[in-house]
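**Q** A structural model of the following input is requested.
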Amino acid sequence: MPHAALSRRRFSLATAAAAASLAAPSFAQSAWPNKPIRIVVPYTPGGFTDQMARLVQAGLQTRLGQPVVIDNKPGANSLIGVDAVAKAAPDGTTFGVVIAAYAANTTLYPKLPYDPRKDLVGVSLMGVSPLLAAVNNDAPFKTARELIDYARKHPGKVSFGSSGNGSAAHLTTELWKSLTQTYMIHIPYRGAVPALTDLMGGQIQLFFDAPTGLINQGKAGKVRLIGVAGDKRLPAVPDVPTFIEQGFTGFTGSTWAGMLAPAGTPREIVKRMSEEVARIIKSDETRTKLDAMGTFPAGSTPEEFDAFIASETTKWGKVIRTAGVKLD
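**A** Residues are numbered from 1 along each chain as shown. Okay, here's the model as predicted:
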């Protein structure tokens, strides 16, 4: 009996130790976050990506109980900032917000400093935004059709800006050029803000961008809004017709914003962050702000966002090859 009792006691101790070891990771992860969180934005402050990151910043600070810092790392069409996320410690303290260019870069660059399939994981798709087109007020055209007619008569006389080579703005304009058989000059910028500045100043004549960067400027009369590259008009600018309405059948182009994490970040942390981002994005307060930005709210699971990225990578890859887009 003493031997049997001792065996039972040893078994009980071993079982308890095993249970404790299994519970330890969950306990450690339940304490997350216990440090400030950094969200890397691979573009300049003020643009669509930056605004989407800041849209969830305050809510995350409240819900997670830790400071959330936005770290702008622009350059190389987002490669610098995304690489910083890919190489960050996968401990739940670093995340990144990217847009459609992230998917396009897989095709545009023969060699990336990171592997999008191995070094990064999706957290949540935050929002989708059909692009809005604007022209300079002094340009010799006032509508999309007039612009195309002018471009056909004066090849190379129209210049268009973008937030960077391979950005959604760049690729959408290239798609429009291909569709309309026109030749316009591409001027890439390091972000949307400097491109918009030059549009208003007359250095470029055309600029496609996420609506958030153009709605207020259009309403203030600083630029002329000529079309929405989506299936329907935007509630924020209901008087601006879609390109489809104007006779450009099938022409659509949008950008989107989503959150990534370094590969290896514990799935419990990725899932928790995804849930918190979705909760903030879908709140009435945030939805009202997104409507004003011309952005449709999303809020997806990590798995859904990973699948979305794969689909976008395929889609933009086809656009790049069809339009013959090359990096300058």
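
**Q** okay, CA-based contacts and neighbour counts for the rest of this
**A** Fine.

**Q** is residue 282 in contact with residue 299, as I believe?
**A** Yes: using C-alpha atoms under 8 Å, residue 282 makes contact with residue 299 at a distance of 6.9 Å.

**Q** element containing residue 61?
**A** Secondary structure from DSSP states H and E places residue 61 in helix 48-64.

**Q** quick one: low-confidence ranges for the chain?
**A** For the chain, applying pLDDT under 70 flags the ranges 1-30, 328.

**Q** just to revisit the earlier point, looking at residue 282 and residue 299, which is more packed in?
**A** residue 299 (22 against 16; other C-alpha atoms under 10 Å).

**Q** is the more buried one in a helix, a strand, or coil?
**A** Look at residue 299: counting by DSSP: H, G, I helix; E, B strand; the rest coil, its state is coil.

**Q** who does the helix or strand harbouring residue 311 touch, helix- and strand-wise?
**A** Take DSSP H and E as the rule and residue 311 turns out to sit in helix 302-323. For helix 302-323, the packing partners by 3 or more C-alpha pairs under 8 Å, 6 or more residues apart in numbering; DSSP states H and E come out as helix 101-108, strand 120-130, helix 168-180, helix 267-281.

**Q** centre of the chain to that helix, how far?
**A** 13 Å (C-alpha atoms, centre = their mean, to the nearest Å).

**Q** can you state the direction angle for it and helix 168-180?
**A** On the basis of axes from the mean of the first three to the mean of the last three C-alpha atoms, to 10 degrees, helix 302-323 is oriented at 40 degrees to helix 168-180.

**Q** quick check: buried residues in helix 302-323?
**A** 302, 305, 306, 308, 309, 312, 313, 316, 317, 319, 320, 323 (16 or more other C-alpha atoms under 10 Å).

**Q** look up how far residue 274 lies from the second one.
**A** I take that to be residue 305. 10 Å (C-alpha to C-alpha, to the nearest Å).

**Q** what sits in contact with each of these two?
**A** When C-alpha atoms under 8 Å, 6 or more residues apart in numbering defines a contact, the residues bordering residue 305 and residue 274 alike are 123, 124.

**Q** quick one on the thing from earlier: highest mean neighbour count across the helices and strands packed on helix 302-323, which stretch is it?
**A** strand 120-130 (a mean of 26; mean count of other C-alpha atoms under 10 Å).

**Q** shared neighbours, residue 282 and residue 299?
**A** With C-alpha under 8 Å, 6+ apart as the test, residue 282 and residue 299 reach no residue in common.
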